[in-house]
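Q: requesting a structural model of the entry that follows:
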Amino acid sequence: MSSKKRIALFGSTGSIGTQALNVVREHPGMFEVIVLTAQTNDELLAKQALEFNPAVAIIGDESRYEKLKEALSNTPVLVQAGNQAIEDAAERDDYEIMLAAIVGFAGLKPTLKAVAKGKIIALANKETLVVAGDVVMQLAVENKAPIIPVDSEHSAIFQCLVGEARNPIEKIILTASGGPFLGKKPNFLVNVKRDHALQHPNWSMGAKISVDSATLMNKGLEMIEAKWLFNLEPSQIEVIIHPQSVIHSMVQFADGSMKAQMGLPDMKLPIQYALGFPNRLKNTFERFNFRKYPNLSFEEPDYKTFRNLGLAIEALNNGGNMPCILNAANEIAVWAFLKNRIGFLDITAVVEKTMQKINFIKNPSLEEYFDSDGEARNFAASLLKL
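A: Just a heads-up that it's a prediction; the model follows:
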């Protein structure tokens, strides 16, 4: 038996997936890639499969199956297509760690399958917990499936809590860069286009999360995710704007003492920490230099201008299926914005109207979460005449 950690990479061609493979390249003796999946990028998936030689490579979009099969025809890699194949791969016995990096609601089903099998989940898909956090965490407890966060903020909190098992959290403080429009007002934002929103000042991320970061929805989703990951009350979760993105988040304990996790804004660090846990692995990544950051600053979020954050907090406080509705409406609105069909401020309007329209369920079943997601998407799409 190989002593390498065997990884299944769900969402291997996106921002997190490609950076995770950089981590694997950095530690060839430590990790082995068993599963690679992508939704539409068959060309990059083929390149990755040729380099890492996984047991299976799966493309979600079935129309791209033949191209992928052709590209890998001279390899032993099993080639499959379709979302069912992606879900089935999550249940394979030949890997230990799932890196859950599929964007959005689509990541929920494969992650649930892996949790049910007791896999270690390196969770980069926050929507899984936003949509159905209670179901996912309950299943994780029942199947002894460790969930190690990859999001930089949740990784920071996770790292701050190592060795603190007996010490209750008084509160956590999630830091937010403020995105590319920090300090801007609605009269500026009304004219913002797709390309402006994708220019994040500190992090290199995919399109969806870049827009969420610009609207501050990302921070709202992270607050909901934190509630489930760390078993917190909404009142224990705060957000502070920290434009330098050096402190990745903080924990305050019962004695008032605080721990912060710091480092350069580089997603490879939390990815490597999750894959290597409990060990910190050496690497050649750039090191932090205090002289380059003479000032670290903090300020309150502008809730009036960036109303998505307030809507997310409302969903967090209401609980039930409200975060699921929030997330579904946001996914539709962000998609429409990225296609230049709606303006930047319309994203918030779509989310708000959808939250007001879809029936609230206090204690939904998994089935009801899926139904709420579908209803919210349909309603949001109807608002946009999609």
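Q: who's in contact with the residue nearest to residue 60 when sequence neighbours are not counted?
A: Nearest residue to residue 60, sequence neighbours excluded (Cβ to Cβ, 6 or more residues apart in numbering): residue 39, at 4.0 Å. Using the backbone N, CA and C atoms, a C-beta is placed for each residue, glycine as well. The contact partners of residue 39, by Cβ atoms under 8 Å, 6 or more residues apart in numbering, come to 11, 59, 60, 61, 102, 106.
Q: could you list which of these belong to strands?
A: residue 59 (DSSP state E).
Q: buried subset of the contacts of residue 39?
A: Buried subset of the contacts of residue 39 (neighbour count, 16 or more other Cβ atoms under 10 Å): 11, 59, 60, 102, 106.
Q: looks to me like residue 98 is in a strand.
A: Yes: assessed with DSSP: H, G, I helix; E, B strand; the rest coil, residue 98 lies in a strand.
Q: pull up the gap between it and residue 44, please.
A: According to Cβ to Cβ, to the nearest Å, residue 98 and residue 44 sit 20 Å apart.
Q: more crowded one of these two?
A: residue 98 (26 against 16; other Cβ atoms under 10 Å).
Q: I'd say the more buried one and residue 6 touch.
A: No: Residue 98 sits out of contact with residue 6 when judged by Cβ atoms under 8 Å, with a separation of 10.4 Å.
Q: what is the nearest of the contacts of residue 39 to residue 267?
A: When those are compared for distance to residue 267 (Cβ to Cβ), residue 11 wins out at 13.2 Å.
Q: not counting its own residues, what contacts stretch 255-267?
A: Taking Cβ under 8 Å, 6+ apart as the rule, stretch 255-267 contacts 15-16, 19, 150, 152, 155-157, 159-160, 164, 170, 173, 177, 202-205, 245-253, 269, 285-288.
Q: in the helix or strand where residue 23 lies, what's buried?
A: For residue 23, the enclosing helix or strand under DSSP states H and E is helix 15-26. Of the residues in helix 15-26, those buried under the neighbour-count criterion (16+ other Cβ under 10 Å) are 15, 16, 17, 18, 19, 20, 21, 23, 24, 26.
Q: pop the domain breakdown of the protein in here.
A: 5-149, 154-263+287-318 (automatic domain parsing).
Q: and the first one, how far apart are its ends?
A: Counting by Cα to Cα, to the nearest Å, the length from the leading to the trailing residue of domain 5-149 is 17 Å.
Q: would you mind listing which of the contacts of stretch 255-267 are buried?
A: Among those, the ones that count as buried by 16+ other Cβ under 10 Å are 15-16, 19, 150, 152, 155-157, 159-160, 173, 177, 202-203, 205, 245-253, 269.
Q: the residue lying farthest from the centre of the chain: what secondary structure?
A: Distance to the chain centre peaks in the chain at residue 74, reaching 34.5 Å (criterion: Cα atoms, centre = their mean). What three-state DSSP gives for residue 74 is coil.
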